[in-house]
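Colleague: Turn this into a model:
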Amino acid sequence: MTAVRWNVVAPADPEVAGSLAASLNIPSTLASLLVQRGFGNPVAARQFLRPSLEGLTDPFLLKDMDKAVSVIVRTIRSGNPILVHGDYDVDGQCAAALLTRFLKLAGAAVVPFVPHRLRDGYDFGSAGLQAASDAGASLIVTCDCGISAGATVQRAKEMGLDVVVTDHHLPQTLPSADAVVNPRREDCESQSEALCGTGVAFKLAQALCGELGLAENSPLHFLDLVALATVADIVPLVGENRTLVRFGLKMIEQSRWAGIRALLEITGLHGKPVRAGQVGYVLAPRLNAAGRIGEAMEGLRLLLSDDPREARDIAMSLDTINARRQEMDERILQEATDEVERRVDLSEYHGLVLAREGWHPGVIGIVASRIVERYNRPTILIGFDGDEGKGSGRSIPRFNLHDGIKRCAEFVERWGGHKAAAGLTIRKDRLVPFREAFNQVARAELSSEDLIPTQRVDIVSPIRALDDNLERLMRHLEPCGAGNPAPVLGVEGAHARAPTTVGANHLKFTLDDGTGTIPAIGFGWADRVHADWAQKRLDVAVQLGRNEWRGTSTLQARIVQIRPAD
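Modeller: I've put the predicted structure just below:
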């Protein structure tokens, strides 16, 4: 438990909030939260609270969409097979499943493929070319990958193959494909730059409907896959993404796909309303586990299965793999934390590069995120297998990780990513100079003030005001996630009553500030507090939620941050 700087959101103008509340006939608390988030205009607020599928953008505003449609339609009409090449994470699996099902709906011969993380490596590579050759494909359509695979695309063209790249990662040099559909291209006029890979695949499906003679609403049948991927990939839940997720979450609850139904059953979510948080923390990790430490094709097989028994068997297998992944996470986190505590002078190192032989490359990104949470520094974890290491990094808002690694690129073999997350490949003899160079970049960009953790707090409130009605009002802001975070409430000068450790590393206690009490749970907090923490007065940032237990639903505060009150 360390000092944390609260960034309390400026209170909403009472007149603006009052006017909005009257215009929309909503409670003042909800109106204040909307004004804080930039929706003080009644029209904008109404569109935010009640998004409509009628507001989806024209898919042909995406650069090269017309070329992509032309190539794909020509291939379908020729009868030649199409290889749909996804990535091994949830976004890549969902995108590949969406395009595979949609193109089959149009009568195409489709072969789906996602690479094995360790055997095949990241992105569209030689394994994808071999899969296309084995399938006799004349066209490769990538989804959630391919933008950095210039050399592989060039080889495919030399082999006489057509290639359509659909991706959402930041482009450097565009590959020489027949079409490159990526909303983050500098010359793309679409306002859909925040789409994930499955979102781009959905736009491609929209664009294909007219030429293939399919009903205009055909792609809407896949919104459950779009919602699953959009939440899992942590892209901003604003604008079009918010609309897609809002409707997609409802479709997940009643999904027509056997694989999604099986995931709901084994996680206990079947027959219940599904919220974005449950997608991110319950459903998505099981698909991600397949790509991280197993066979990503198993996740894709689950999403493509139409056999309930087969789907349940695959889902159970992924559940077991996810449990193994969680064990790996905890072990690597402990080893990485021990290394920081024993060997790193945090006053000198503003950027962390931690490495060890045998750290699994499929889970180090998750652990890097948790190290960032703990030490508030851009962090890269590298797992070595002999002389070569694969690294995964996460960052803090004030540091652009993509640019930071770029400035140290002379020390790495390969790298890519974006502002908040990145991956790289490095030789062991380059580790030390890379670590020092990365720290120098971080020290140049980050002051000591920047390294003090900051917690956003929407409203500071006494516990007596944290009631069931407020929790119900907060739900109107959902789906919440990146770009539209769940409201955080600050409680000052409180005590933790009857604290206990539950599960592997969770804190459970009653939060008491003298005005009232509320049950609280801090997931993953047991090893983040000092021995005497419960004897001190505390400032606690929480999110309101429900504790569902044996058919009973009670109000509960989920701990976001704890700091000493002084």
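Colleague: now stretch 354-370: how far from the chain's centre is it?
Modeller: 17 Å (C-alpha atoms, centre = their mean, to the nearest Å).
Colleague: Would you indicate which residues of that stretch are buried?
Modeller: Within stretch 354-370, the residues that count as buried by 16 or more other C-beta atoms under 10 Å are 354-355, 359-370. In short, each C-beta sits where N, CA and C put it, glycine included.
Colleague: mind listing which of those residues are in helices?
Modeller: 364, 365, 366, 367, 368, 369, 370 (DSSP state H).
Colleague: which residues touch the fourth one?
Modeller: Residue 367 makes contacts with 329, 332, 333, 336, 381, as judged by C-beta atoms under 8 Å, 6 or more residues apart in numbering.
Colleague: What is the nearest of those to residue 221?
Modeller: residue 329 (34.8 Å; C-beta to C-beta).
Colleague: Starting from residue 538, give me the distance back to residue 170.
Modeller: 40 Å (C-beta to C-beta, to the nearest Å).
Colleague: Include neighbour count when you put the contacts of residue 367 into a markdown table, please.
Modeller: Formatted as a markdown table, these follow (neighbours: other C-beta atoms under 10 Å):
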| residue | neighbour count |
| --- | --- |
| 329 | 17 |
| 332 | 24 |
| 333 | 22 |
| 336 | 23 |
| 381 | 29 |
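Colleague: Now for the residues you listed: which two are most distant?
Modeller: Farthest pair in the contacts of residue 367, by C-beta to C-beta: 329 and 381, 11.3 Å.
Colleague: Can you give the strand pairings for the worst-scoring helix or strand of the chain on mean pLDDT, parallel or anti for each?
Modeller: Ranking every helix and strand in the chain by mean pLDDT, DSSP states H and E puts strand 414-417 at the bottom, with a mean of 84. Applying DSSP bridges to the sheet, strand 414-417 is found paired with strand 421-427 (antiparallel).
Colleague: can you dump the C-alpha coordinates of the partner strand into CSV?
Modeller: C-alpha atoms of strand 421-427 as CSV (Å, rounded to 0.1, in the frame of the first residue of the first chain):
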residue,chain,number,x,y,z
ALA,A,421,1.4,-2.5,-25.2
ALA,A,422,4.1,-4.0,-27.3
GLY,A,423,6.0,-7.1,-28.1
LEU,A,424,9.6,-7.8,-29.1
THR,A,425,12.2,-10.4,-29.9
ILE,A,426,15.8,-10.0,-28.5
ARG,A,427,19.1,-11.9,-28.4
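Colleague: quick revisit: give me the more crowded residue out of residue 170 and residue 538.
Modeller: residue 538 (21 against 15; other C-beta atoms under 10 Å).
Colleague: Please settle this for me: is residue 48 part of a strand?
Modeller: No. Looking at residue 48 with DSSP: H, G, I helix; E, B strand; the rest coil, it is helix, so not inside a strand.
Colleague: Is the closest residue to it other than its chain neighbours part of a helix or strand, or is it coil?
Modeller: Of all residues not flanking residue 48 in the chain, residue 39 sits nearest, at 5.0 Å (C-beta to C-beta, 6 or more residues apart in numbering). Under three-state DSSP, residue 39 falls in the coil class.
Colleague: ok, residue 538 - contacts?
Modeller: 493, 494, 495, 496, 562, 563, 564, 565.
Colleague: Filter those down to the buried ones.
Modeller: With neighbours counted by 16+ other C-beta under 10 Å, the contacts of residue 538 contain buried members at 494, 495, 496, 562, 563.
Colleague: Wait, residue 176 touches residue 149, no?
Modeller: No. Judged on C-beta atoms under 8 Å, residue 176 makes no contact with residue 149 at a distance of 10.7 Å.
Colleague: quick one: which of these two has more around it?
Modeller: residue 149 (23 against 13).
Colleague: buried ones in stretch 430-442?
Modeller: For stretch 430-442, the neighbour count (16+ other C-beta under 10 Å) marks 430, 431, 434, 435, 437, 438, 439, 441, 442 as buried.
Colleague: So for the fifth one, what's the nearest residue that isn't a sequence neighbour?
Modeller: If I follow you right, that is residue 437. residue 408 (4.3 Å).
Colleague: phi, psi of residue 548?
Modeller: With angles defined as degrees, to the nearest 10, residue 548 sits at phi -100, psi 120.
Colleague: let's have the chain start at 13 instead
Modeller: Okay, residue one is now 13; in that scheme the one you just asked about reads as residue 560.
Colleague: Residues in a beta bridge with it, which ones?
Modeller: Going by DSSP bridges, residue 560 forms beta bridges with residue 565.
Colleague: Neighbours of it, how many?
Modeller: Neighbours around residue 560, by other C-beta under 10 Å: 12.
Colleague: same thing with residue 119?
Modeller: Around residue 119 there are 13 residues (other C-beta under 10 Å).
Colleague: Let me see the contact set for it.
Modeller: Residue 119 touches residue 88, counting by C-beta under 8 Å, 6+ apart.
Colleague: Surely it is in a strand?
Modeller: No. Residue 119 is assigned coil when assessed by three-state DSSP, not a strand.
Colleague: how far away is it from residue 79?
Modeller: 21 Å.
Colleague: go on, residue 540?
Modeller: Distance from residue 540 to residue 79, by C-beta to C-beta: 51 Å.
Colleague: so how far is stretch 123-131 off the chain centroid?
Modeller: The answer for stretch 123-131 is 20 Å, by C-alpha atoms, centre = their mean.
Colleague: Okay, domains of the chain per the record?
Modeller: 17-22+467-576, 71-329, 356-463 (automatic domain parsing).
Colleague: Give me the mean pLDDT for the second one.
Modeller: What it means is domain 71-329. Computed over domain 71-329, the mean pLDDT rounds to 95.
Colleague: quick one: it to chain centroid distance?
Modeller: With C-alpha atoms, centre = their mean, you get 15 Å for domain 71-329.
Colleague: Quick one: residues contacting residue 495.
Modeller: 206, 247, 248, 249, 250, 253.
Colleague: Same question for residue 315.
Modeller: Residue 315 makes contact with 105, 106, 109, 237, 269, 271, 272, 299 under the criterion C-beta under 8 Å, 6+ apart.
Colleague: do residue 476 as well
Modeller: Contacts of residue 476 (C-beta under 8 Å, 6+ apart): 527, 528.
Colleague: Then it would be within a helix, right?
Modeller: Yes. Under three-state DSSP, residue 476 sits within a helix.
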